[in-house]
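1. Sequence unavailable; structure follows:
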């Protein structure tokens, strides 16, 4: 049983949209929920997204030996 969601929540519909950035070192940062609908709290959903992103690293964007971050990225997850 998950500590962040109700026991049956993992089987219930879930939809959420969020924004984030990829830093100059390739990490996902500044995650902000835009909207969500499901049997999970906002704080728990943010932790879930952050924990999933923690294991992800992107190659930095480098142009003329300068690293750039990608900002205002958006994603939507829908689980029927």
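-> Nice, I can see it. On a predicted model such as this, the values are computed, not experimentally measured, just so you know.
2. Would you map the strands across the protein?
-> Here the chain has its strands, by DSSP state E, at 14-22, 28-37, 61-63, 66-68, 70-79.
3. deepest of those, which one?
-> Scoring those by mean neighbour count under mean count of other C-beta atoms under 10 Å gives strand 14-22 as the most buried, with a mean of 17. Placement of C-beta: from N, CA and C, glycine included.
4. Which among the strands of the chain is found nearest to residue 46?
-> strand 28-37 (6.4 Å; C-beta to C-beta).
5. Show me what the closest one packs onto, helices and strands only.
-> Applying 3 or more C-beta pairs under 8 Å, 6 or more residues apart in numbering; DSSP states H and E, one finds that strand 28-37 contacts strand 14-22, helix 42-54.
6. The shortest one: partners in the sheet, and parallel or antiparallel?
-> Okay, so that is strand 14-22. Paired strands of strand 14-22, with direction, are strand 28-37 (antiparallel), strand 70-79 (antiparallel) (DSSP bridges).
7. any weak-confidence spans in the chain?
-> For the chain, the stretches with pLDDT under 70 are 1-11.
8. The same query, at a cut-off of 80, please.
-> Along the chain, the model assigns pLDDT under 80 to residues 1-12.
9. Tell me which residue lies nearest the centroid of this structure.
-> Among the residues of the chain, the one closest to the centroid is residue 49, at 3.8 Å (C-alpha atoms, centre = their mean).
10. Was I right to think it contacts residue 18?
-> Yes. If you go by C-beta atoms under 8 Å, residue 49 and residue 18 touch, sitting 6.2 Å apart.
11. which residues are in contact with both of the two?
-> By C-beta atoms under 8 Å, 6 or more residues apart in numbering, residue 49 and residue 18 have these common neighbours: residue 31.
12. what residue of this structure is the furthest out?
-> Ranked by distance from the centre of the chain (C-alpha atoms, centre = their mean), the top residue is residue 64, with 29.6 Å.
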